[in-house]
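**Student:** Let's see this in three dimensions:
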Amino acid sequence: MNRRLNAGALALVTAAALVLGACSSGDKKAATTTTKARTTTTAATVTTVANNPEAYAKALYADWQRNDKTAAHQVASELAMSQMFGVAYLPINDQGPKSPYTFQSCEGAAGSFVCTWNADTRQIQMTVRDTTGGQPIQVTQVLRDGP
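**Tutor:** Sure, this is the predicted structure:
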């Protein structure tokens, strides 16, 4: 399962709890300190990806949607990143932004999985290495079909 936890959201909850505690005790300095900690904490993003190839492929797709190359680097090789980010993500905006691609499946074969997304006349296929041979799971290649 693909889970992304934005450290900024966690920091906001923590900051709110500290501010509420400071307000109830009348300590305005504690609220100021919390704001500084929140600013520092929100700069980081924590990414948790389940230990399965499909989760890695879905994480790379989500990172591409957000144009987040830093997070993508955690799940994909340099080659796969350049192939994925070499084409800009363009959402469909007819009734608010939505993805033009629909996830289809991940099929395993000989030490890797091929995960596929389809659009009208386009397709994205990601090759994801599994742990066969003792190597870490990683998206190693991205292929595109269509205009």
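**Student:** mind checking which helix or strand of the chain has the lowest mean pLDDT?
**Tutor:** The weakest-scoring helix or strand in the chain, judged by mean pLDDT, DSSP states H and E, is helix 28-41 (a mean of 31).
**Student:** Quick check: buried residues in stretch 100-107?
**Tutor:** Across stretch 100-107, burial judged by 16 or more other Cβ atoms under 10 Å covers 101, 106. Where you see a C-beta, it was placed from the backbone N, CA and C, and this is true even at glycine.
**Student:** start the count at 158, not 1, going forward
**Tutor:** In the new count, where the first residue is 158, that last one comes out as stretch 257-264.
**Student:** now that stretch: mean pLDDT?
**Tutor:** Per-residue pLDDT over stretch 257-264 has a mean of 94.
**Student:** swap in stretch 215-234?
**Tutor:** In the prediction, stretch 215-234 has an average pLDDT of 96.
**Student:** Just the endpoints, please. Distance across that stretch?
**Tutor:** Start-to-end span of stretch 215-234 (Cα to Cα, to the nearest Å) is 15 Å.
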